[in-house]
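Peer 1: Please work out how this folds:
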Amino acid sequence: MEIILLQDVPKLGQKDDLVKVKNGFGRNYLIPQGLAIAATTSSKKVHAENLRQRAHKEEKIKVEAQALADKLGTLKLVVGAKTSSSGKIFGSVNTIQIAEALKEKGFEIDRRSITLQEDQIKEIGNYKATIKLHREVKVEVDFEIKGE
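Peer 2: Numbers count the residues shown, from 1 in each chain. Sure, this is the predicted structure:
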C-alpha cells in the first residue's frame, strides 16, 4: 500500500514522503492516527502540486537552518551535573539538559531533534550531540559535562 505521510514518522519517513507500507500498518495505524493518507491518483496529483508550490519556501527554511547550523557548529556547551567523588554522575545526562543549555545560550532547539552519540552519559567528560535542524541540515555540537 502506498501512502503520503502528513507528519514525520520515525524510522519510516519525513512529512510529504511517498512510502510503501504493509496494508495493515497503513489502514489500522497510520491513516486513523492522521499520520498519512492513502496515495490514490488524485491525492498524488494534489500532493505534487502542493510540493511544487512549497519548494521555494522550503529553500528559504533550509538556508535559515544552515545559518543556525553554522552558529551551533562553533558553540561549546558546558552542562553541570551532580557527581560523586569518583566522577560518576548521579543519574545521567539526556537531551533535556542539552536543550536547556542551548536555551541559556540563546538557541531555542526542541529536545526531540537532539540525539546523543552515546546511549547514556554517566561520567564527566567531553561528548557530542547531533541536532537535526532540517531534513537535510544536521550539525554536531560538542559539550562538556562538569561536576557541580
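
Peer 1: Pop the domain breakdown of the chain in here.
Peer 2: Here the domain assignment for the chain is 2-64, 69-147, based on automatic domain parsing.

Peer 1: so how far is the first residue of the shortest one from its last?
Peer 2: The one in question is domain 2-64. Chord length of domain 2-64, first to last residue, is 32 Å (C-alpha to C-alpha, to the nearest Å).

Peer 1: quick thing: my sequence starts at 217, can you match it?
Peer 2: With the count now opening at 217, the last piece we talked about shows up as domain 218-280.

Peer 1: mean confidence score for it?
Peer 2: Averaged over domain 218-280, pLDDT sits at 91.

Peer 1: follow-up on the earlier one: is it possible to get JSON lines of the domains of the chain that adds mean neighbour count?
Peer 2: Glycine gets a C-beta too; all of them are placed from N, C-alpha and C. Below are the domains of the chain laid out as JSON lines (neighbours: other C-beta atoms under 10 Å):
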{"stretch": "domain 218-280", "mean neighbour count": "13"}
{"stretch": "domain 285-363", "mean neighbour count": "15"}
